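Participant: Got a predicted model here, sequence first, then my questions.
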Number of protein chains: 2
Amino acid sequence: MQSRGKLYVVGIGPGSTDLLTIKALNALKDSEYILGHKTYIKRIYDLVKDKKVIESGMGREVERVRMAVKLAEESRVSLISGGDPSIYGILPLVIEYVSRNNIDVDVEAIPGVTASCAASSLLGSAISGDHAVISLSDLLIPWKKIEKRLLHALKGDFVVVIYNPSSRRRKSNLIRAMEIIREHRGDAMIGIVKNAYREGEMVLFKRVSEIIQCPEVVDMSTILIVPNSETIIDDGRMISPRGYGNKYNF
Amino acid sequence: MQSRGKLYVVGIGPGSTDLLTIKALNALKDSEYILGHKTYIKRIYDLVKDKKVIESGMGREVERVRMAVKLAEESRVSLISGGDPSIYGILPLVIEYVSRNNIDVDVEAIPGVTASCAASSLLGSAISGDHAVISLSDLLIPWKKIEKRLLHALKGDFVVVIYNPSSRRRKSNLIRAMEIIREHRGDAMIGIVKNAYREGEMVLFKRVSEIIQCPEVVDMSTILIVPNSETIIDDGRMISPRGYGNKYNF
């Protein structure tokens, strides 16, 4: 039986509420219930304080999805995700959950601005084209697989965007990743963006060796951008040219 | 001398105007001039028809950037880009242009929803985590480099998102890419999204061999999502699980 309710899975973007899409804003307004990790609820709280707000902590993803799906049988519900809901967000779990359990709930995913786009523009234009996106968190994926991906991304001369580079309990993955990067890119300058478009925003550059010596510069709220062979740093901006300079004079 | 004007480089998202961010909308409202490729101007025309609108065609990127930068010496200007302005957008050229010519113009990039996020959510949750993004257009990048990247993306077991898969004059890159994919993923099912969130939106699945036999199914307005080894297609949805199923029962 098709549920009478609706489940929006809403990407709220990287930080400030003006990086929400209009569609995301409309979904929040249309919802009776708002569910999400407490960090994300905090960001949009002013927009949803008149709603039934249910927040939860890390590691409660399955519980959160179960509750959102249950509520969406009868009600209009927004389950929120930082950035874009696909990219390391809650959407894959929602889709997997309803698919495995044959639940017929009306799900509408609303894409958002993912952290790589936010970080790229804050650094200058650090991405610009072909790139690989990798998370260093091995909570759900074996480290060997992550290492293999990083290796191929470097061999393919991709700009590499690193999500979840480090956590309080986990610094060794970051250091190992930097060692692999040093083997393939030398002591390259890495673009670092912390808390993009929110309180505590910081944009800086550090060499691979500096990150290895001082991994504390990087935490869970940081995005790293690893240059490809053409990336340059000029006047405080990281630029991965798109080849226009080879084709045109300007 | 710091210019008195301002240049916004605005990502307008994949299609419908409700996938603009509030920040993008505010930048457009704040601008006296709006510049962009005619396809993108058309999408937002209703929002900017009271402005000085300057549209141009393909291959006029350098001219468009030069004009936008010049106007931004005195005026508030929005230069618009589809999706996100970094990812195959106009931002890298803007930054390269002002950097090479030492132009001191106030540039603010506004990130947007890139096509990979849009396509992923329309297919189910086709991405979900680590992924590689590649354009098959060899206008600015040699084909050998593109082929090498595709190869490494496949060897790294990334979900691969393909932008600009084909054009009227160029079908051979698509066929060659599909042959490489077949060598590494077999006759896999490819997620195909055309005109995401705009007129003519279409979501479908085709096997690699079907695309080789009938490349007309793919054009410049299409995004392809190539599965990784864990991606499944279930009930019309493409899902790349994030490993929750290995860790939790649900």
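Facilitator: Nice, thanks for sending it over.
Participant: Check chain A and tell me which residue is nearest its centre.
Facilitator: Centroid-nearest residue in chain A: residue A:115, 4.6 Å away (criterion: CA atoms, centre = their mean).
Participant: List the contacts of that residue.
Facilitator: Contact analysis of residue A:115 by CB atoms under 8 Å, 6 or more residues apart in numbering or on different chains lists A:14, A:82, A:83, A:87, A:161, A:163, A:196, A:223. To be clear about C-beta, it is placed using only N, CA and C from the backbone, and glycine gets the same treatment.
Participant: now it: how far from residue A:164?
Facilitator: To residue A:164, residue A:115 is 10 Å away according to CB to CB, to the nearest Å.
Participant: now do residue A:140
Facilitator: Taking CB to CB, one finds residue A:140 at 11 Å from residue A:164.
Participant: circling back to that earlier point, give me the common contacts of residue A:115 and residue A:164.
Facilitator: With CB under 8 Å, 6+ apart, residue A:115 and residue A:164 have no common neighbours.
Participant: Helix or strand: which one has residue A:206?
Facilitator: Element membership for residue A:206 (DSSP states H and E) is strand A:202-207.
Participant: Pop the domain breakdown of chain A in here.
Facilitator: A:6-113, A:116-239 (automatic domain parsing).
Participant: Tabulate those (TSV), appending mean pLDDT.
Facilitator: Shown next, in TSV, are the domains of chain A (pLDDT from 0 to 100):
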stretch	mean pLDDT
domain A:6-113	96
domain A:116-239	95
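Participant: would TSV of those with mean neighbour count be doable?
Facilitator: Shown next, in TSV, are the domains of chain A (neighbours: other CB atoms under 10 Å in any protein chain shown):
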stretch	mean neighbour count
domain A:6-113	21
domain A:116-239	20
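Participant: can you put the ones you listed in JSON lines and add distance to chain B?
Facilitator: As requested, those are exported to JSON lines (distance: least, CB to the nearest CB, whole Å):
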{"stretch": "domain A:6-113", "distance to chain B": "4"}
{"stretch": "domain A:116-239", "distance to chain B": "3"}
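Participant: Let me have the ones you listed in CSV, adding distance to residue B:206 as columns.
Facilitator: As requested, the domains of chain A are exported to CSV (distance: least, CB to CB, whole Å):
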stretch, distance to residue B:206
domain A:6-113, 21
domain A:116-239, 23
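Participant: of all these, which lies closest to residue B:133?
Facilitator: For the domains of chain A, proximity to residue B:133 was assessed by CB to CB; domain A:116-239 is nearest, at 5.4 Å.
Participant: How about the contacts made by residue A:124?
Facilitator: By CB under 8 Å, 6+ apart, the contact set of residue A:124 is A:236, A:237, A:238, A:239, B:95, B:99.
Participant: For the last one, which non-adjacent residue is spatially closest?
Facilitator: This means residue B:99. residue A:234 (5.0 Å; CB to CB, 6 or more residues apart in numbering or on different chains).
Participant: what's the distance between that neighbour and residue A:176?
Facilitator: Distance, residue A:234 to residue A:176, by CB to CB: 30 Å.
Participant: Also residue A:48?
Facilitator: To residue A:176, residue A:48 is 40 Å away according to CB to CB.
Participant: and if you look at residue A:142?
Facilitator: As judged by CB to CB, residue A:142 and residue A:176 stand 13 Å apart.
Participant: what does residue A:215 give?
Facilitator: Noted for residue A:215: a distance of 11 Å to residue A:176, by CB to CB.
Participant: With residue A:217 instead?
Facilitator: Distance, residue A:217 to residue A:176, by CB to CB: 16 Å.
Participant: before we move on, what about residue A:7?
Facilitator: Separation of residue A:7 from residue A:176 (CB to CB): 39 Å.
Participant: Next: residue A:225.
Facilitator: Distance of residue A:225 to residue A:176, computed by CB to CB: 18 Å.
Participant: go on, residue A:127?
Facilitator: On the measure of CB to CB, residue A:127 and residue A:176 end up 24 Å apart.
Participant: What of residue A:107?
Facilitator: Using CB to CB, residue A:107 is found at 37 Å from residue A:176.
Participant: How about residue A:11?
Facilitator: Residue A:11 sits 30 Å away from residue A:176, going by CB to CB.
Participant: Just the local confidence number for the residue nearest to the centre of chain A, please.
Facilitator: As predicted, residue A:115 sits at a pLDDT of 97.
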